[in-house]
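Asker: Pasting the sequence and the predicted coordinates here, then a few questions.
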Amino acid sequence: MPSFLDPDMSYLIGLIVGRGTIREISGLRQLVIEYPFRSLEAKGIKKSFDTKDKILLSLDDTINRLGELTEVTPKKISSKSSVSIIIESTKFSLLWRNINKLLKGKNSFREMEVPEIFYDAEMEIKKEFLRGVSDVTGSIGTGGRDQAGRHRVYISILNENWRLPTQICKLLQDEPLEIPVNTIDWGHPNIRNGNVEEYNRGREQAWAREHQLKVYAEYFEPVGFRIIHKNEILKELAEYNQEIFSGRKAKLCIPPKNRQKQRCSHPEENSEKLPIDLRGKHCNSYWQVCLELGCKQVKKRKSLFQEKE
């Protein structure tokens, strides 16, 4: 494990992979990390927070931390739907070279992947990386319940990035963390618009939404958030889950052995928005998407995958 990959660096890489963009303009290297939000108010069961104010407050500590790491003073800007940290430098220092090496030269979160080095890293390094990803992509609130009312964390990845969800899933579920992922709600036509209703109403590409990894709150606590209101709500909902669902232990993702209920065909199964691995294929369940994208957990179940003729 390289000496530069300490907790601070791991957290920064997580932020970049989750929602970072690296640009170079006239010799000025610029890193923008975006913290998007959809609602002005974040709600738990009893607690509620002003989303934008809490993000801005949380970022004071992050800016100090990143300032020490990068040896520059990050800037903080806000808009109606996001808050961003901007780090600028005219030097291609060792730090920037290490970032470039870890990310394999990629400059946008739309194409980022989990750097391979994190799979074999020690627990705290993995946690810091995942906290970084989750601070910019994760959400927690009472709207994320499953059908039984059990609260979940959502980690949302832009639809263009089809590799990152299974990689984050692997990092969460592998040793030593072993955090069960409840499901991945893929932005795929068979998963998000399986009954073709939206397509028939003229919303042909309504399926192309974010990919969402869903993790029960009590299992996500060991990772948690550095964003104040997210972590406060996480604690509240994890406590609720532990009280109400104490006898229901979540399991690591294991695809069912029986054949899944057949979904109807969707006209967008050949869409160019889908990666080559999935184009022209029909999926009846989320794990079948995972399979085609290289998830080793479901490799042995390939006979259950229905390939459209």
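Answerer: Structure's in. What do you need?
Asker: ok, which stretches of the stretch 201-309 of the chain are helices?
Answerer: 217-220, 228-244, 286-292 (DSSP state H, counting those that start in this stretch).
Asker: Looking at those helices, which is nearest to G132?
Answerer: Proximity to G132 (Cβ to Cβ) singles out helix 228-244 among those, at 12.9 Å. From N, CA and C alone the C-beta is placed, and that goes for glycine too.
Asker: what residues does the closest one touch?
Answerer: 42-47, 49, 51, 54-55, 57-58, 135, 138-142, 149-151, 153, 216-218, 220-221, 224-225 (Cβ atoms under 8 Å, 6 or more residues apart in numbering).
Asker: what do you get if the cut-off is 7 Å, keeping everything else the same?
Answerer: 42, 44-47, 49, 51, 54, 57-58, 138, 140-141, 150-151, 153, 216-218, 220-221, 224-225 (Cβ atoms under 7 Å, 6 or more residues apart in numbering).
Asker: Please indicate which of those are buried?
Answerer: 42, 44, 49, 51, 54, 58, 138, 140-141, 150-151, 153, 216-218, 220-221, 224-225 (16 or more other Cβ atoms under 10 Å).
Asker: Those residues in strands, which ones?
Answerer: 42, 49, 138, 140, 153, 216 (DSSP state E).
Asker: Which pLDDT value belongs to the last one?
Answerer: At Y216, the pLDDT value in this model is 98.
Asker: ditto for the first one
Answerer: Predicted confidence (pLDDT) for A42: 96.
Asker: The second one too?
Answerer: Per-residue confidence at F49 stands at 97 (pLDDT).
Asker: which ones are touching it?
Answerer: Contacts of F49 by Cβ under 7 Å, 6+ apart are 42, 229.
Asker: residues touching V72, list them.
Answerer: 87-89 are the contacts of V72 under Cβ under 7 Å, 6+ apart.
Asker: between those, which is closest to E175?
Answerer: I87 (33.5 Å).
Asker: got the phi/psi numbers for the closest one?
Answerer: phi -120, psi 130 (degrees, to the nearest 10).
Asker: residues in contact with it?
Answerer: Taking Cβ under 7 Å, 6+ apart, one finds 31, 66, 70, 72, 74 in contact with I87.
Asker: Please name the bridge partners of it.
Answerer: In this entry, I87 is beta-bridged to L31, by DSSP bridges.
Asker: ok, it to L31 distance?
Answerer: 4 Å (Cβ to Cβ, to the nearest Å).
Asker: for E88, same thing?
Answerer: 8 Å.
Asker: now G143
Answerer: Counting by Cβ to Cβ - G143 and L31 are separated by 31 Å.
Asker: Look at those two and report which has more neighbours.
Answerer: Just comparing G143 and L31: by other Cβ atoms under 10 Å the higher neighbour count belongs to L31, 23 against 11.
Asker: pretty sure the more buried one contacts R19?
Answerer: No. Assessed by Cβ atoms under 7 Å, L31 is found out of contact with R19, at 11.2 Å.
Asker: can you map out the helices along the stretch 51-200 of the chain?
Answerer: 51-70, 94-102, 123-137, 164-173, 189-192, 197-200.
Asker: who wins for proximity to S10 among those?
Answerer: helix 123-137 (4.0 Å).
Asker: List the buried residues of that closest one.
Answerer: Buried residues in helix 123-137 (16+ other Cβ under 10 Å): 125-137.
Asker: Same check on stretch 192-208?
Answerer: Buried, per 16+ other Cβ under 10 Å, within stretch 192-208: 192-194, 196, 199, 206-208.
Asker: which residues does the closest residue to R248 other than its chain neighbours contact?
Answerer: Nearest residue to R248 in three dimensions, chain neighbours excluded: R150, at 7.7 Å (Cβ to Cβ, 6 or more residues apart in numbering). Counting by Cβ under 7 Å, 6+ apart, R150 makes contact with 216, 241, 245.
Asker: wait, which of those is closest to S78?
Answerer: Closest to S78, out of all of the contacts of R150 and judged by Cβ to Cβ, is Y216, at 31.4 Å.
Asker: who's the closest one bridged to?
Answerer: Beta-bridge partners, per DSSP bridges, of Y216: R152.
Asker: how close does it get to G144?
Answerer: From Y216 to G144 the distance is 10 Å (Cβ to Cβ).
Asker: Sweet, I'm off.
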